[in-house]
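Colleague: this one's structure only:
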């Protein structure tokens, strides 16, 4: 296979994918998103997406609204040419948007924390007041974002109002979630092709409640309960992803909540803790998808 890896930058993850591809006789080429050029009504050159058998999108870099829309639409366009995109742009759109992800998880019958999403500050404060009424805390999150950036956790209405007012000035959408007392621990399950290939328990660093390994959290392998593995597979399916990292929180009373589905997941911490060759598993998935695509294309030709 000739594989295009689109990424904001080169690094450990793109190196791992290229290694795993080469080990199975495939060619992986890493390019930035701005390398893509769409031409219509004339001839294309060497960056024609038809030069590749499959596209693997990694992190989409920050940019203007125009740039972000073009990059995602370009993935849709590539997919429309009959080239598999893994994960699909549809799955990326669903999983990168916390509102959309939570809505799909809830619709799929999965347990999610109490969540309110709104635009008006008054509605946000009404939701926050209700969640704080029983002495708990709330987390105000950006709709888009990862690695724990931009999260505000408050247990006081006055502090919450200050955060809401600041976000109102930025014309932000308010994503408000009841904080789950999880003892500074959560579980990340990695799903590839409808199977959980590995799971880790992440522990927040001292003085923090965010468990992200990128923020100093520690990870150790864990044998996740069957119920949690089932939740992770269903959550991945709910957003339409071929592979994903699914985060599950367990409250101190033992109740699990599906918190997030990452459609462009990192796996360095999980691989270090579990020894699972995640990139190799992704490449096997890609091989299967491309083989299926070629088979269907052959059937259409013979028909």
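Modeller: Sure, I can see it. On a predicted model such as this, the values are computed, not experimentally measured, just so you know.
Colleague: ok, now how distant is the nearest residue to residue 115 once chain neighbours are set aside from residue 112?
Modeller: In this structure, residue 115 finds its nearest non-sequential neighbour in residue 177, 4.7 Å apart by CB to CB, 6 or more residues apart in numbering. Heads up, the C-betas are built off the backbone N, CA and C, glycines and all. Remark: distance between residue 177 and residue 112 (CB to CB, to the nearest Å) = 9 Å.
Colleague: and those two? which has more neighbours close in?
Modeller: Neighbour count, other CB atoms under 10 Å: between residue 177 and residue 112, residue 177 has more, with 23 against 18.
Colleague: What's the per-residue pLDDT of the more buried one here?
Modeller: For residue 177, the model assigns a pLDDT of 95.
Colleague: so how far is residue 106 from the residue nearest to residue 115?
Modeller: 12 Å.
Colleague: Residue 52 against residue 83, yeah?
Modeller: Yes - counting by CB atoms under 8 Å, residue 52 touches residue 83, with 6.5 Å between them.
Colleague: ok, residue 58 - how many residues close by?
Modeller: Using other CB under 10 Å, residue 58 has 20 other residues around it.
Colleague: for this structure, which spans come out with low pLDDT?
Modeller: The chain contains residues with pLDDT under 70 at 42-50, 145-150, 205-217, 295-303.
Colleague: where do the strands sit along it?
Modeller: Per DSSP state E, the chain has strands spanning 2-6, 27-31, 54-57, 115-118, 138-141, 152-154, 174-178, 185-192, 195-203, 218-221, 243-250, 256-262. These are given in chain order.
Colleague: Turn the ones you listed into JSON lines, columns for distance to residue 285.
Modeller: Below are these laid out as JSON lines (distance: least, CB to CB, whole Å):
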{"stretch": "strand 2-6", "distance to residue 285": "12"}
{"stretch": "strand 27-31", "distance to residue 285": "14"}
{"stretch": "strand 54-57", "distance to residue 285": "10"}
{"stretch": "strand 115-118", "distance to residue 285": "31"}
{"stretch": "strand 138-141", "distance to residue 285": "30"}
{"stretch": "strand 152-154", "distance to residue 285": "36"}
{"stretch": "strand 174-178", "distance to residue 285": "31"}
{"stretch": "strand 185-192", "distance to residue 285": "5"}
{"stretch": "strand 195-203", "distance to residue 285": "10"}
{"stretch": "strand 218-221", "distance to residue 285": "21"}
{"stretch": "strand 243-250", "distance to residue 285": "6"}
{"stretch": "strand 256-262", "distance to residue 285": "16"}
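Colleague: With residue 129 as the reference, name the closest of the ones you listed.
Modeller: Distances from residue 129 to each of the strands of the chain were compared using CB to CB; the minimum, 9.6 Å, belongs to strand 138-141.
Colleague: Can you tell me which helices and strands the closest one packs against?
Modeller: Using 3 or more CB pairs under 8 Å, 6 or more residues apart in numbering; DSSP states H and E as the contact test, the elements touching strand 138-141 are helix 121-132, strand 152-154, helix 157-169, strand 174-178.
Colleague: so what strands line up beside that strand?
Modeller: Strands that pair with strand 138-141, judged by DSSP bridges, come out as strand 152-154 (antiparallel), strand 174-178 (antiparallel).
Colleague: So what does residue 142 have for phi and psi?
Modeller: Summarising the backbone geometry of residue 142 under the convention degrees, to the nearest 10, its torsions are phi -70, psi 150.
Colleague: how near is it to residue 171?
Modeller: In this view, residue 142 and residue 171 are 12 Å apart by CB to CB.
Colleague: Help me confirm that residue 2 comes into contact with residue 56.
Modeller: No - the criterion here is CB under 8 Å, and residue 2 misses it with residue 56 at 11.8 Å.
Colleague: which outside residues touch stretch 78-92?
Modeller: 49-50, 52-57, 60, 72-73, 75-76, 95, 239-244, 263-264, 282, 285-286, 289-290, 293, 297 (CB atoms under 8 Å, 6 or more residues apart in numbering).
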